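A.B. asks: have a look; sequence and predicted model below, questions after that.
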Amino acid sequence: MAKTLSRVVLIGASGTVGSIILKALLEDPTDNFTISVLCRPSSTATFPEHDSLKVVKTAFDDLDSLTNVFKDHDAIIHASAIPTLPSQHVMIKAAAQAGSPKRFILNEFANSYDQPGLPELEQFRTPKREILDVAKQTALETNDAFSWTGLATGNFLDYALVKYPQIGVDIRNRKARLIDGGEERFSATILKDIGTAVRGILRRPQETRNRMCHVRSVETCQREILDVCQRELGEMGDSWDVESVDGKEMYERGREAFARGERNGMVDILVAQLFQRGAKRSIVVERKKSDNDLLGVREKSIEEVVREVLKNF
Ligand SMILES: NC(=O)c1ccc[n+]([C@@H]2O[C@H](COP(=O)([O-])OP(=O)(O)OC[C@H]3O[C@@H](n4cnc5c(N)ncnc54)[C@H](OP(=O)(O)O)[C@@H]3O)[C@@H](O)[C@H]2O)c1
């Protein structure tokens, strides 16, 4: 088996995804990962004191400085905020010219490119797709001195259930909004498993070279999530306010609102994308075809996921 890519640059390490990856690498007892956290100069983020961790600040568009930082590293993981996605163009260039083989883990963490998407959501996929194309081209041009990996995860279900009641089950306020009966199935990944999967990519460089990997923690639907929440909380019957919504109407409403310039319209479109009955837009990957086993991600029941989430309330 090829050697683990253990000398890592991590960009966005103070964020939602980045902090989970940092934890997975720092707490790993088997591979001695060393991590250079790369922050923008204006960053006020702080990190724990750790022998294997150093913090470097540099502008995300400074090719020379980035090239210098990337030297003596095996892998660069971009997990910075959405406005910084275009910085990957210059970072890919820096990685390709920094000498010694480099793996670039792209800032994907989204749906698979194989999933059908509503046209209004294409604007969010385009920047990532363009960067993916640049990575593919760079790998070709550098004769594989530069290689890339992307990770498709679908939505972050545990994070969404705490932060975004728009997902349809609002645990704090005991309200649910089920689209078309809430039975459309979707796959999702919990935050911790994203850290596990990225660590798995670093451990399996050969098998993850120049391709998208696909993982999932759970497959479920809105109705199941609501049922499990009610059961776990011992609140069956009328104690929740449950509303049923027609997915097609919701999509049309969202489109009209968005066309009028109301940003909230996009939330309705996103929800329709996920939950419209029969649309089959929401399974990132079937269990059997997933990279779970390769990357060390264990599939869970919705009960297990919800039980963990309820500890946050
Ligand atoms: N599939 C899903 O459900 C889902 C959900 C959330 C996110 N994502 C994806 O995950 C990726 C990472 O997103 P995230 O939510 O983890 O990022 P985030 O928490 O918003 O930001 C990550 C880090 O980016 C750095 N940063 C650099 N420039 C910034 C700027 N102009 N504004 C704000 N932060 C800036 C900050 O770190 P420093 O201060 O250290 O520089 C920040 O902590 C994105 O590709 C996003 O699309 C997917």
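C.D. replies: Structure's in. What do you need? Keep in mind that what you see is a predicted model, and the values were worked out from it rather than measured.

A.B. asks: every contact and neighbour count from this point should use C-alpha atoms.
C.D. replies: OK.

A.B. asks: quick one: the helices in this protein, in order.
C.D. replies: Per DSSP state H, the chain carries helices over the ranges 16-26, 63-70, 87-97, 122-141, 157-163, 191-203, 222-233, 247-259, 264-275, 292-295, 302-310.

A.B. asks: tilt between the last one and helix 222-233?
C.D. replies: Using axes from the mean of the first three to the mean of the last three Cα atoms, to 10 degrees, one finds that helix 302-310 and helix 222-233 are set 60 degrees apart in direction.

A.B. asks: packing partners of helix 302-310?
C.D. replies: Judged by 3 or more Cα pairs under 8 Å, 6 or more residues apart in numbering; DSSP states H and E, helix 302-310 is in contact with helix 157-163, strand 218-220, helix 222-233.

A.B. asks: with the second one instead?
C.D. replies: Here helix 63-70 is seen to pack against helix 87-97 when contacts are counted using 3+ Cα pairs under 8 Å, 6+ apart.

A.B. asks: next, the angle from the helix it packs on to helix 63-70.
C.D. replies: Interaxial angle of helix 87-97 relative to helix 63-70 (the same axes, to 10 degrees): 60 degrees.

A.B. asks: and helix 87-97, which residues are buried?
C.D. replies: 87-97 (16 or more other Cα atoms under 10 Å).

A.B. asks: widest-spaced pair of the residues you listed?
C.D. replies: Ser87 and Gln97 (15.8 Å; Cα to Cα).

A.B. asks: for the closest residue to the ligand within the stretch 101-250 of the chain, what are its contacts?
C.D. replies: Nearest residue of the stretch 101-250 of the chain to the ligand, counting by Cα to the nearest ligand atom: Asn155, 3.4 Å away. Contact partners of Asn155, counting by Cα atoms under 8 Å, 6 or more residues apart in numbering, are 110-111, 187-189.

A.B. asks: torsion angles phi and psi at the residue nearest in space to the middle of the chain?
C.D. replies: By Cα atoms, centre = their mean, the chain has its centre lying nearest to Phe109, at 2.7 Å. Backbone torsions of Phe109, given as degrees, to the nearest 10, read phi 50, psi 50.

A.B. asks: hmm, back to that, and the pLDDT at the residue of the stretch 101-250 of the chain closest to the ligand?
C.D. replies: As predicted, Asn155 sits at a pLDDT of 96.

A.B. asks: what's near enough to touch Gly154?
C.D. replies: Applying Cα under 8 Å, 6+ apart, we find Gly154 in contact with 109-112, 187-189, 216, 282-284.

A.B. asks: recalculate using a threshold of 6 Å.
C.D. replies: Applying Cα atoms under 6 Å, 6 or more residues apart in numbering, we find Gly154 in contact with 110-111, 188, 284.

A.B. asks: how about the helices of the chain in TSV, adding distance to Met1?
C.D. replies: Putting the helices of the chain into TSV (distance: least, Cα to Cα, whole Å) gives the following:
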stretch	distance to Met1
helix 16-26	20
helix 63-70	24
helix 87-97	24
helix 122-141	22
helix 157-163	33
helix 191-203	9
helix 222-233	40
helix 247-259	48
helix 264-275	38
helix 292-295	12
helix 302-310	33
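
A.B. asks: closest one to Arg174 among the ones you listed?
C.D. replies: Short answer: helix 222-233, nearest of those by Cα to Cα, at 9.1 Å.

A.B. asks: and the protein, which residues reach the ligand?
C.D. replies: Remark: the part of the chain in contact with the ligand comprises 12-18, 39-40, 43-45, 79-84, 107-110, 154-156, using Cα under 6 Å from any ligand atom.

A.B. asks: cutoff 5 Å now
C.D. replies: Residues of the chain lying near the ligand by Cα under 5 Å from any ligand atom: 12, 14-17, 39-40, 43, 79-81, 107, 110, 155-156.

A.B. asks: how about the contacts made by the residue nearest to the centre of the chain?
C.D. replies: 151-153.

A.B. asks: show the buried residues in the residues you listed.
C.D. replies: Buried members of the contacts of Phe109, scored by 16+ other Cα under 10 Å, are 151-153.

A.B. asks: now, these that are in strands?
C.D. replies: Those of the buried ones among the contacts of Phe109 mapping onto strands are 151-152, per DSSP state E.

A.B. asks: list just the nearest of the buried ones among the contacts of Phe109 to Asp28.
C.D. replies: Leu151 (19.8 Å).

A.B. asks: quick one: contacts for the closest one?
C.D. replies: Residues in contact with Leu151 (Cα under 6 Å, 6+ apart) are 108-109, 212-214.
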